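Peer 1: I would like the atomic coordinates for the input below:
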Amino acid sequence: MQCPSCQNTDSRVLESRSADAGKSVRRRRECLNCDFRFTTYERVETVPITVIKRNGNKETYSRSKLINGLSRACAKTSIGSSKVEILADELELQIQQRSLREVNSSEIGEMVLNQLRDISEVAYVRFASVHRQFHGINDFVATLETFESGKEQLATVG
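Peer 2: The predicted model follows:
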């Protein structure tokens with residue numbers, strides 16, 4: 001690891017601890033040349049995912065876009081920011097476990113809706129209205145009817 005002060009590559013680890021809920025390791029280091037102390041973070045490298053948008057454009061997957069969409073859907077509900085982070089983690093794990101490195105934005109949207117279905121009706125409808133591009137009240141009614149029939153099917157199975 002290169003020292004930020006003198007660029008020497010020899011350092012020793014003073015302390016290591018888990019960070020980001022076990023997703024990374026935080027290390028305090030000391031340069032053996034100038035005694036400068038600095039912090040490094042070690043994370044598992046993941047293969048970048050490419051998202052194919054509706055218009056055919058491709059862009060790199062962005063966690064912040066996912067969090068932003070979930071946060072807007074969950075605003076003023078009982079779903080807090082920590083739950084939104086957990087949902088994002090679960091969705092990212094599902095995406096990373098796929099064998100393909102490209103995913104359609106519509107697939108990500110449907111994965112989000114599947115998660116929100118069991119958590120909050122309001123967040124589900126809010127997210128669906130953007131994801132499915134509602135044009136009027138009939139789209140809302142159709143989604144609510146589908147939502148209710150899906151719940152009834154789950155109740156009769158369970």
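Peer 1: And the helices in the chain?
Peer 2: Listed in chain order, the helices of the chain (DSSP state H) span 63-74, 81-96, 105-117, 121-131, 137-157.
Peer 1: check contacts around C3.
Peer 2: 9, 11, 31, 33-34, 36, 38 (CB atoms under 8 Å, 6 or more residues apart in numbering). C-beta here means a position set from N, CA and C on the backbone, and glycine is covered the same way.
Peer 1: what sits against R26?
Peer 2: 16-19, 39-41.
Peer 1: Thought R27 was touching E42, still the case?
Peer 2: Yes: the criterion here is CB atoms under 8 Å, and E42 meets it with R27 at 6.7 Å.
Peer 1: Looking at those two, which is more packed in?
Peer 2: R27 (18 against 12; other CB atoms under 10 Å).
Peer 1: any low-confidence regions in the chain?
Peer 2: 45, 147, 149-158 (pLDDT under 70).
Peer 1: which residue is nearest the middle of it?
Peer 2: A88 (2.9 Å; CA atoms, centre = their mean).
Peer 1: That one and A123: what is the separation?
Peer 2: 13 Å (CB to CB, to the nearest Å).
Peer 1: quick one: common contacting residues for the two?
Peer 2: With CB under 8 Å, 6+ apart as the test, A88 and A123 both reach L70.
Peer 1: Quick one: the contacts of R26 as a markdown table, columns for neighbour count too.
Peer 2: As requested, the contacts of R26 are exported to a markdown table (neighbours: other CB atoms under 10 Å):
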| residue | neighbour count |
| --- | --- |
| S16 | 13 |
| R17 | 8 |
| S18 | 10 |
| A19 | 15 |
| T39 | 12 |
| T40 | 16 |
| Y41 | 11 |
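Peer 1: ok so, going back, and the contacts of C3, which of them are buried?
Peer 2: Neighbour-count burial within the contacts of C3 applies to 11, 31; the criterion is 16 or more other CB atoms under 10 Å.
Peer 1: Out of the contacts of C3, which sit inside strands?
Peer 2: Counting by DSSP state E, the part of the contacts of C3 found in strands is 11, 31, 38.
Peer 1: quick one: the second one and C6 touch, right?
Peer 2: The one in question is C31. Yes: under the criterion of CB under 8 Å, C31 makes contact with C6 at 6.3 Å.
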